[in-house]
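Undergrad: 3D model of this:
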Amino acid sequence: MSEPIDNKEMGGATELSENQYLTFQLADEMYGVDILKVEEIRGWEPVREIPNTPAFIKGVLNLRGGVVPIIDLRARFGMEQIEYHAKTVVIVLLIGEGDDQHVMGIIADAVSEVLEVDRGEIKNAPNLGASINTRYIRGMVMGKNMVMLLDADKLLNPEEFSLIEDVG
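TA: I've put the predicted structure just below:
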């Protein structure tokens, strides 16, 4: 089950607001990623596991001939692990900029909607002390539900990519 994001259907990439986020669920929390980073949404399918990689890297998928690392955000964020189910999805993201771009997938419990947010509505991530890492959080949006906006470029750092590329 693959649901490519069609930028033409959504107004064309040049017309998309910098403030549109694809929202998804992890546990009972809502998260969002910049819609311009989203390549496609796929249903869950088994991945090829890679030895000697961090536990949150579930493995890789062959996506049109490319090796795509798949990141379990529950494991990345230290959340309780669950069995994947019919609503489990892989959100394929293009991260980085210029010549340093990579494709990766993140596992989410379910996809919700595209949320349009005015810049003034985005609150800074709270300072939770040195023991809690908030480096992945771009900001938060309060509303009907609180949505944590993630910085997709920080979900997988270059050293972790080199581990995957060396094995893949």
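Undergrad: Find me whatever residue is spatially closest to residue 92, sequence neighbours aside.
TA: The spatial neighbour of residue 92 that comes closest, neighbours along the chain excluded (C-beta to C-beta, 6 or more residues apart in numbering), is residue 39 at 4.3 Å. Every C-beta, even on glycine, is put in place using the N, C-alpha and C of the backbone.
Undergrad: and what of residue 121?
TA: Closest to residue 121 by C-beta to C-beta, 6+ apart is residue 141, at 5.5 Å.
Undergrad: hang on, the one you found packs against residue 116?
TA: No: look at residue 141 against residue 116 with C-beta atoms under 8 Å: they stay out of range, at 10.3 Å.
Undergrad: Those two: which is more packed in?
TA: residue 141 (20 against 12; other C-beta atoms under 10 Å).
Undergrad: Need the per-residue pLDDT for the more buried one.
TA: We have a pLDDT of 92 for residue 141.
Undergrad: can you pull up the bridge partners for it?
TA: In this entry, residue 141 is beta-bridged to residue 122, residue 147, by DSSP bridges.
Undergrad: In contact with it, which residues?
TA: 32, 115, 117, 121-123, 147, 149 (C-beta atoms under 8 Å, 6 or more residues apart in numbering).
Undergrad: Does the residue nearest the centre of the chain belong to a helix, a strand or coil?
TA: By C-alpha atoms, centre = their mean, the chain has its centre lying nearest to residue 106, at 4.6 Å. With DSSP: H, G, I helix; E, B strand; the rest coil as the basis, residue 106 sits in strand.
Undergrad: That one is in contact with residue 90, isn't it?
TA: Yes: under the criterion of C-beta under 8 Å, residue 106 makes contact with residue 90 at 7.0 Å.
Undergrad: Go through the contacts of residue 141 and name the one nearest residue 136.
TA: Among those, residue 149 lies closest to residue 136 (C-beta to C-beta), at 9.8 Å.
Undergrad: Can you tell me how far the closest one is from residue 41?
TA: Computed as C-beta to C-beta, to the nearest Å, the residue 149 to residue 41 distance reads 18 Å.
Undergrad: Likewise for residue 93?
TA: In terms of C-beta to C-beta, residue 93 sits 10 Å off from residue 41.
Undergrad: Next: residue 116.
TA: 18 Å.
Undergrad: swap in residue 62?
TA: For residue 62 relative to residue 41 (C-beta to C-beta), the value is 17 Å.
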